Each structure stands twice: as structure tokens, then as C-alpha cells.
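>>> Model the structure of this input:
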Amino acid sequence: MDNALKDLERYDKLQQEIAKSIQEQIDNAQEQINNKIKQFEIKIEASLDLANAKRDWNKFKRDVIDEIRDDDILGLNQFRFADLASYFNDANTGSIQELKK
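Numbering: from 1, shown residues only. Coordinates of the predicted model:
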């Protein structure tokens, strides 16, 4: 009877250790997932902020530096092309390209 009781206690202890180990693995996996999600969100936010900053700079440059008037078709088209590059460009850093990743 003593051996059966000892075996049962060892079984319970082992079962608790296994459950604790599994819970730690689950917690670690969840933490890794949360970190990956945070990294992804930060990267997207940075890309979108950068694209917005580029568009703001383009508008400032158009209005203040280049002094492009509303009737300057060539100047406005150049501005629009620069503005479009903040969404999609060859460097794959446009906001649309970042969101696609």
C-alpha cells in the first residue's frame, strides 16, 4: 500500500510539473506572437508616418519652395508624381507596398 501511495504522489507531482512546463511553453509562445505583432504594427505605423511626412513635404515644397501655381500644369503633374511615389515607388517603401508585405 505504501508503494502505491508513493507512486500516486510521484504521478501527481510529475503531472503537475508537466502541466507547469506546458503552460510556460504556451506563455512563451504567446509572448513571441505578441512581440511579432508589435513589431509588425510598429513597422506599418512607421511606413505610414513616413509616407504622410513625404506627402506633407511635397505639399510644402510645391507651395513654398517651388511656388507652383494652380494653373502650372507641368509643375502640378510633377508634384502629383512625387506625391504618388509616397504610395508606390521603386524602392518598395510606399505605403501601399508596405501594407502589401
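
>>> could you point out the longest helix in this structure?
In the chain, with assignment by DSSP state H, the single longest helix is helix 2-60.

>>> Please tell me I have it right and Phe79 contacts Asn58.
Yes. Between Phe79 and Asn58 there is a contact under Cβ atoms under 8 Å: 6.1 Å. Placement of C-beta: from N, CA and C, glycine included.

>>> Report the buried residues of stretch 3-16.
Going by neighbour count (16 or more other Cβ atoms under 10 Å), nothing in stretch 3-16 comes out as buried.

>>> Report the mean confidence score over it.
Taken as a whole, stretch 3-16 has a mean pLDDT of 90.

>>> what's that stretch in contact with?
Under the contact criterion Cβ atoms under 8 Å, 6 or more residues apart in numbering, stretch 3-16 has no outside partners.

>>> what about that stretch, distance to the chain center?
47 Å (Cα atoms, centre = their mean, to the nearest Å).

>>> Fine by me, we can end here.
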